[in-house]
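Undergrad: Sequence and computational prediction follow.
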Amino acid sequence: MKIDNIIFDLGGVLIDWNPRYVFHKVFDSDEKTEWFLSNICTMAWNEQQDAGRSLKDATEQLQKEFPQWHNEIALYYGQWKDMLGGPIIDSVDLLSNFKRNNTYNLFALTNWSSETFPIALERYDFLSWFQGIVVSGHEKCIKPDRKIYQILLDRYSLTAENSVFIDDNKRNVAGALSIGMKAIHYKDTPSLKESLSELGIRV
């Protein structure tokens with residue numbers, strides 16, 4: 001079927017976000033940084049904020065669990081802005097081409113805390129190019145839960161079969177496929193363009 005809707009993930013596809021930008025300055029070795037992010041401020045912990053838990057509650061709970069890391073845990077959201085490394089230029093250029101040609105409907109579906117997302121909206125003008133953005137923190141559920149894909153489809157009256165979803169996380173790609181969307185695992189912009197072209201999308 002003809003693709004009418006292109007749906008982008010944000011972090012890792014259009015926006016470079018990485019907590020290492022903060023914690024490489026905190027710890028004196030990569031090994032300590034990786035240990036801290038694997039055992040204390042983990043991605044699983046961060047995802048709970050993406051699913052709607054408040055940053056305050058998340059921080060305080062983790063500080064009670066690991067009081068010896070109280071100050072370092074506070075930095076995770078205290079210096080969160082510094083985890084934003086900037087736009088992924090090639091992907092934003094591709095998005096710009098789609099916007100300029102006005103051939104496809106453009107949407108975003110992101111796992112992101114509702115408390116930090118306004119920072120991204122203020123920093124990245126290209127987020128205004130989307131016809132709609134679904135943010136997990138607002139919806140209280142995260143990818144790859146089928147519910148959040150359905151929220152996007154229902155809210156903007158989209159048909160899954162006419163939509164392609166792009167994400168750098170294989171779990172989230174699988175979630176989109178399970179609801180009937182086309183889906184592409186993002187690795188880099190050249191391979192993304194190739195995959196889009198195979199679906200008949202002009203890039």
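TA: On my side now, so go ahead. Numbers count the residues shown, from 1 in each chain.

Undergrad: could I have the strand or helix carrying residue 122 exported to CSV, CA atoms only?
TA: Here residue 122 sits within helix 117-123, counting by DSSP states H and E. Written as CSV, here are the backbone C-alpha positions of helix 117-123 (Å, rounded to 0.1, in the frame of the first residue of the first chain):
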residue,chain,number,x,y,z
PHE,A,117,10.2,17.6,26.6
PRO,A,118,9.5,21.4,26.7
ILE,A,119,13.3,21.9,26.8
ALA,A,120,13.5,20.1,23.4
LEU,A,121,10.6,22.0,22.0
GLU,A,122,12.3,25.2,22.8
ARG,A,123,15.7,24.1,21.6
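
Undergrad: buried residues in the longest helix seen in the chain?
TA: In the chain, assigned by DSSP state H, the helix with the most residues is helix 89-101. Neighbour-count burial for helix 89-101, counted by 16 or more other CB atoms under 10 Å, picks out 91-92, 94-95, 98. C-beta: built from backbone N, CA, C; applies to glycine.

Undergrad: how far does that helix sit from the chain's center?
TA: 17 Å (CA atoms, centre = their mean, to the nearest Å).

Undergrad: Straight-line length of stretch 157-172, end to end?
TA: Counting by CA to CA, to the nearest Å, you get 21 Å between the two ends of stretch 157-172.

Undergrad: same question, stretch 185-193
TA: Stretch 185-193: ends 12 Å apart by CA to CA.

Undergrad: got the buried residues for that stretch?
TA: Residues 186, 189, 192-193 are the ones in stretch 185-193 that count as buried (16+ other CB under 10 Å).
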